[in-house]
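Asks: got a sequence here, can you model it:
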Amino acid sequence: MTGSPETLDITVLVGLLVLAGALVAPRLRLPVPLALLFLGALAGFIPLVRDIHLPSEAVLVLFLPPLLFWESLTTSLREIRRDLRGILLLSTLLVVATAFGIAGIGTAFGMSFGAALILGAALAPTDATAVAAMARTLPHRNMTLLRAESLINDGTALVLYTLAVGITIGQETYSEWTITGLVALAYLGGAAIGAVAGWLSTQLLRRLPDSILNNEALVLVPFVAFLGAELIHASGVIAVVVAGLILSQSGPRVSTPQSRQQTFGFWSLTTFILNGALFVLIGIEAQSSLRAVPAEQIIPLLILTVVAWAAVVVIRFAFQMISVSLIRTLDRRPSQRQRRMPHRARVVSAVAGFRGAVSLAVALAVPTALATGQPFPGRDQIVFVAAGVVLLTLVIQGMLLPAAIRWAKFAPDTTVDDELALAQETSTREALANVADVSARLGVSDQVRDQMIDEYRKHLAVLAADPRADDEQQLLERDREYARLRLALLDHKRDVMIELRDNHSISDTTLRIVQARLDREALRITQPEILE
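Replies: All right, here's what the predicted structure looks like:
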């Protein structure tokens with residue numbers, strides 16, 4: 001961020017607003033991002049905050065790589081492959097259609113074509129972080145489609161932005177081959193860099209058994225991939241996403257239990273802070289953009305903002321209806337029929353197409369001046385409208401989405417629960433079948449082996465709801481009671497350890513060692529609930 005206020009003051013303020021928003025949102029029954037947006041906008045009235053501006057470099061370099069990397073790490077590659085055709089259409093052709101649709105509206109409101117196309121490029125892509133934060137209640141498949149689309153479409157938007165800036169400056173002449181080369185470089189170059197980064201990271205993580213070093217290397221991956229792609233003028237976003245998807249497949253084989261626990265804890269906290277700070281800063285920037293334009297332009301720009309927002313939603317819905325109709329006409333394979341969704345899902349997808357930090361980053365990346373020294377035409381208007389549309393998508397669509405999901409009457413989505421049950425039951429059965437061989441290899445006594453077999457059989461009875469055992473509900477309730485008792489006893493042991501430390505019977509070092517062991521046992525008991 002730039003401006004006169006002290007960096008520490010701003011950091012503390014943003015951190016307090018993130019904390020306040022997370023605490024207040026449930027009480028007001030608002031999504032946390034909306035509460036953060038409102039708090040950021042209110043904070044803009046504070047004189048100290050008025051000089052805060054969000055440089056595009058901060059979003060593109062500091063925020064986007066880690067956020068997109070974690071999103072890609074936790075997105076199912078199998079499900080992306082299943083719906084790859086639709087995802088590619090939404091992340092390429094829909095972005096182009098939206099950008100030129102907004103460009104047409106902008107020119108009708110008196111903007112130059114270049115400035116209007118920049119605005120279109122800014123508003124065309126959905127935002128992965130906004131989608132992840134605002135659309136959590138969507139069924140699993142719909143959520144995966146939105147996340148995958150949002151991870152990829154930034155590359156198309158940034159290519160359009162480059163073209164639009166060149167057109168506006170008037171120093172670039174783009175032929176069909178030039179445009180094709182830019183698109184190919186953005187996608188193919190970014191994918192190649194991401195693949196190399198993912199492969200090299202896998203080899204490195206395999207050789208770093210220490211959990212601290214393992215996670216330090218993992219933190220560097222998105223930034224290295226982004227930098228490598230930028231050096232060859234490819235899409236850093238695509239590079240980060242591809243690297244994350246590769247590591248989502250190789251990571252479980254090369255990481256250790258300790259490193260996975262640290263990874264989950266670190267990235268959960270980091271992405272929460274970055275997401276929260278981003279929404280607060282968007283709220284601040286929205287008010288800042290309002291002060292940047294002359295008073296006589298505010299009303300026309302507000303009208304343009306509302307029209308552009310409506311166009312973004314309508315174009316998205318129309319594109320989906322047209323593309324789905326064409327696909328259903330041309331592809332009548334049984335496998336395609338099985339993947340079909342009801343048309344109400346297109347309405348929900350249109351409502352869930354949130355814009356966010358990427359749109360603001362593209363708008364703020366517009367140069368302040370031309371090479372001749374003259375102001376860049378329409379820059380303040382681009383930032384104003386982009387900030388306004390981001391606010392409208394998050395506020396209005398965010399409030400409409402729960403009602404749209406209820407209206408769509410989606411069939412219950414039990415995919416994750418079914419697969420979780422399959423994975424737990426299959427792995428437990430295989431482990432039970434191999435207890436004897438593993439015990440013999442490790443030289444474990446018969447008593448310990450039999451105890452382990454008994455524990456696995458009891459666990460399997462709960463998972464499979466064995467009809468020869470007690471009633472299923474009784475088994476589940478007994479399992480919950482067992483977990484509650486174990487956790488309560490662990491808390492008691494922890495209290496005893498702290499009392500021993502307070503009485504100077506043990507040192508702080510001893511307390512930390514024992515507490516870490518108790519915490520690992522507690523996590524083992526509660527981990528399924530945490531992941532849900």
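Asks: quick one: the strands in the protein?
Replies: Under the criterion DSSP state E, the chain contains no strands.
Asks: how does it divide into domains?
Replies: 7-413, 416-469, 480-532 (automatic domain parsing).
Asks: now Trp89: how far from Val159?
Replies: Just so we're on the same page, residue 89 is Leu rather than Trp. 16 Å (C-beta to C-beta, to the nearest Å). C-beta coordinates here come from the backbone N, C-alpha and C atoms, glycine included.
Asks: out of the two, which sits in the busier spot?
Replies: Legend: neighbour count by other C-beta atoms under 10 Å for Leu89 and Val159, higher for Val159 (22 against 17).
Asks: was I right to think that one contacts Val183?
Replies: Yes - shown here, Val159 and Val183 form a contact pair, counting by C-beta atoms under 8 Å, at 5.5 Å.
Asks: can you list the weak-confidence ranges in the chain?
Replies: 1-7, 51-57, 170-175, 335-339, 371-372, 462, 464-476, 478-479, 526-532 (pLDDT under 70).
Asks: let me know the outermost residue of it.
Replies: Ranked by distance from the centre of the chain (C-alpha atoms, centre = their mean), the top residue is Asp446, with 48.7 Å.
Asks: circling back: pick the most deeply packed of the domains of the chain.
Replies: domain 7-413 (a mean of 19; mean count of other C-beta atoms under 10 Å).
Asks: chain center to it: distance?
Replies: Domain 7-413 sits 9 Å away from the centroid of its parent chain (C-alpha atoms, centre = their mean, to the nearest Å).
Asks: now the helices for the stretch 201-350 of the chain?
Replies: 211-231, 236-254, 257-292, 295-330, 334-338, 344-351 (DSSP state H, counting those that start in this stretch).
Asks: which ones are touching Leu360?
Replies: Listed by C-beta atoms under 8 Å, 6 or more residues apart in numbering, the contact partners of Leu360 are Leu54, Ser56, Val59, Ala122, Ile282, Glu285, Val383, Ala386, Ala387, Val390.
Asks: tabulate these (CSV), appending distance to Leu145.
Replies: What follows is the contacts of Leu360, written out as CSV (distance: C-beta to C-beta, whole Å):
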residue, distance to Leu145
Leu54, 29
Ser56, 28
Val59, 24
Ala122, 23
Ile282, 24
Glu285, 29
Val383, 30
Ala386, 25
Ala387, 27
Val390, 21
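Asks: out of the residues you listed, which sit inside helices?
Replies: Applying DSSP state H to the contacts of Leu360, the entries found in helices are Ser56, Ala122, Ile282, Glu285, Val383, Ala386, Ala387, Val390.
Asks: which among those residues gets closest to Leu400?
Replies: Val390 (15.8 Å; C-beta to C-beta).
Asks: quick check: the gap between the nearest residue to the closest one once chain neighbours are set aside and Leu392.
Replies: Leaving aside its chain neighbours, Val390 sits nearest to Arg355 (4.8 Å; criterion: C-beta to C-beta, 6 or more residues apart in numbering). Per C-beta to C-beta, Arg355 is found 9 Å from Leu392.
Asks: quick one on the thing from earlier: now tabulate the ones in helices among the contacts of Leu360 in CSV and tack on distance to Trp309.
Replies: Shown next, in CSV, are those (distance: C-beta to C-beta, whole Å):
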residue, distance to Trp309
Ser56, 21
Ala122, 13
Ile282, 15
Glu285, 17
Val383, 15
Ala386, 11
Ala387, 11
Val390, 9
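Asks: isn't Thr162 right next to Ile179, touching?
Replies: No - between Thr162 and Ile179 there is no contact under C-beta under 8 Å: 9.9 Å.
Asks: and the helices of the stretch 201-350 of the chain as TSV, adding distance to Glu419?
Replies: Listed next are the helices of the stretch 201-350 of the chain as TSV, based on distance: least, C-beta to C-beta, whole Å:
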stretch	distance to Glu419
helix 211-231	25
helix 236-254	15
helix 257-292	19
helix 295-330	26
helix 334-338	17
helix 344-351	21
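Asks: and Ile80, which of the ones you listed is closest to it?
Replies: Closest approach to Ile80 among those (C-beta to C-beta): helix 236-254, 7.5 Å.
Asks: give me the helices and strands touching that closest one, please.
Replies: Counting contacts by 3 or more C-beta pairs under 8 Å, 6 or more residues apart in numbering; DSSP states H and E, helix 236-254 packs against helix 64-73, helix 77-82, helix 140-169, helix 190-206, helix 211-231.
Asks: which of the ones you listed sits closest to Ala345?
Replies: helix 140-169 (6.3 Å).
Asks: orientation of that closest one relative to helix 344-351 in degrees?
Replies: Between the axes of helix 140-169 and helix 344-351, defined by axes from the mean of the first three to the mean of the last three C-alpha atoms, to 10 degrees, the angle is 40 degrees.
Asks: contacting residues for Arg494?
Replies: Arg494 touches Gln515, Leu518, counting by C-beta under 8 Å, 6+ apart.
Asks: skipping adjacent residues, who's closest to Gly106 in space?
Replies: In space, Gly106 is closest to Ala116, 2.8 Å off (C-beta to C-beta, 6+ apart).
Asks: and that neighbour, how close does it get to Ala22?
Replies: 38 Å.
Asks: repeat for Pro375
Replies: If you measure Pro375 against Ala22 using C-beta to C-beta, the figure is 40 Å.
Asks: over to Pro33?
Replies: Look at Pro33 and Ala22: by C-beta to C-beta, they are 10 Å apart.
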